[in-house]
Each structure stands twice: as C-alpha cells, then as structure tokens.
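Enquirer: pasting the sequence and the predicted coordinates here, then a few questions.
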Amino acid sequence: MPLTQFSDPQWLKDNAFQALAEISSLLTQNENAGREALIRTLEFRSVLDGYQAIITALVQRAGLYPYTSNPENLSTTDLLNFEFHKVVGLNEIVLHSVQGQVYRALLDGANVILSAPTSFGKSLLIDAMVASRRYARIVVIVPTIALIDETRRRLSERFSPEFKIM
C-alpha cells in the first residue's frame, strides 16, 4: 500500500479501519514507514470520527507524543509517557520519543553528535537545553548567516532577558 493514500482524506474516510490497521502493521514491520503513514493520517484526523481511541493508541505506540489530542483523556500509563516527554522549563513543549532519548542523554551529561533531517526538531532540543538551565554557556554553531539570525531571534524571544544572547 503506497503511503500517499494516507494523505487522501476521502480514502481515509472510506477505509478508516483498514487504514488504521495498516498503520499498526507498519509500526511493527517498518517503524519509520508506520510513523510517516500515521503523521500523514493525523493531518486528516477529523475525517476519522469514532476512531479517536485507536488513533491515540497509535500515536502513543509510535512515540509521537506531540500529536496527542486531549491528554486529559489518556490512560495513566499513556499520561506518564506524555508527561515524561515534556521539556523541563518549557512545559507546553512535548518531544517525540527519539527527541526525548537525545534530550535525556544530554541531561545525563552524555556527549551527543546528532545528524537528523530538518523536520526532526534539533532547534527544539537546543531550546530545551537552554531551558534546563544546566549550563552557564552554550555555543550553537549553525551553517549560514541567515540561520545565525533566525537562531538568535528565536532564543532571544524565548529566553531574554534571562540569558545574554550574542
């Protein structure tokens, strides 16, 4: 089944249970493909009325905690997972499972070299480390002048006047 079908709201509406079952199967066989199919589906979650409990279970299983809707309706176990992936100092921010692994490793003092696609959320991890207030100095190296300005503005908006941003 091509992943593009999961971006078709009409197909999702007509084949809701089949689509969710396929996502579940993909998460077992090929986790990355399962996550991609689920993310595509979540864009159209409104056409999947009556399947919110299954969608929530798939979101939790895939570790896509930022996509959790109505966390107050989660089971105790799922709520613990959701809360565990919140960023200390930025409580409105919830990390996905892989971001959470990197974040916890950094908080534990591990040295981490991270190469990840643009959509991974590396900037969010930088913000999380600044918010942890564990470090007196943080150096962020970025590859372009435009990204220097973007990073400086983002950090200034979120953390000024608490930190000196240069």
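Expert: All right, it came through fine. Numbers count the residues shown, from 1 in each chain.
Enquirer: in terms of secondary structure, what does the lowest-mean-pLDDT helix or strand in the chain contact?
Expert: When the helices and strands of the chain are scored by mean pLDDT, DSSP states H and E, strand 90-94 comes last with a mean of 86. Taking 3 or more C-beta pairs under 8 Å, 6 or more residues apart in numbering; DSSP states H and E as contact, the helices and strands that strand 90-94 lies on are strand 86-87, helix 122-132. C-beta here means a position set from N, CA and C on the backbone, and glycine is covered the same way.
Enquirer: repeat that for 10 Å
Expert: With contacts defined as 3 or more C-beta pairs under 10 Å, 6 or more residues apart in numbering; DSSP states H and E, strand 90-94 has these neighbours: helix 76-84, strand 86-87, helix 122-132.
Enquirer: can you put those in TSV and add mean neighbour count and mean pLDDT?
Expert: As requested, the helices and strands packed on strand 90-94 are exported to TSV (neighbours: other C-beta atoms under 10 Å; pLDDT from 0 to 100):
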stretch	mean neighbour count	mean pLDDT
helix 76-84	13	91
strand 86-87	18	92
helix 122-132	18	93
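Enquirer: per-domain residue ranges of the chain.
Expert: In terms of domains, the chain is parsed into 5-84, 97-160 (source: the TED database).
Enquirer: which among those domains is found nearest to L90?
Expert: Of all the domains of the chain, domain 97-160 sits nearest to L90, with 4.7 Å by C-beta to C-beta.
Enquirer: what pairs with the least confident helix or strand of the chain, parallel or antiparallel?
Expert: Strand 90-94 has its sheet partners listed here by DSSP bridges as strand 86-87 (antiparallel).
Enquirer: now the strand it pairs with: how far from the chain's centre is it?
Expert: Between the centre of strand 86-87 and the centre of its chain there are 11 Å (C-alpha atoms, centre = their mean, to the nearest Å).
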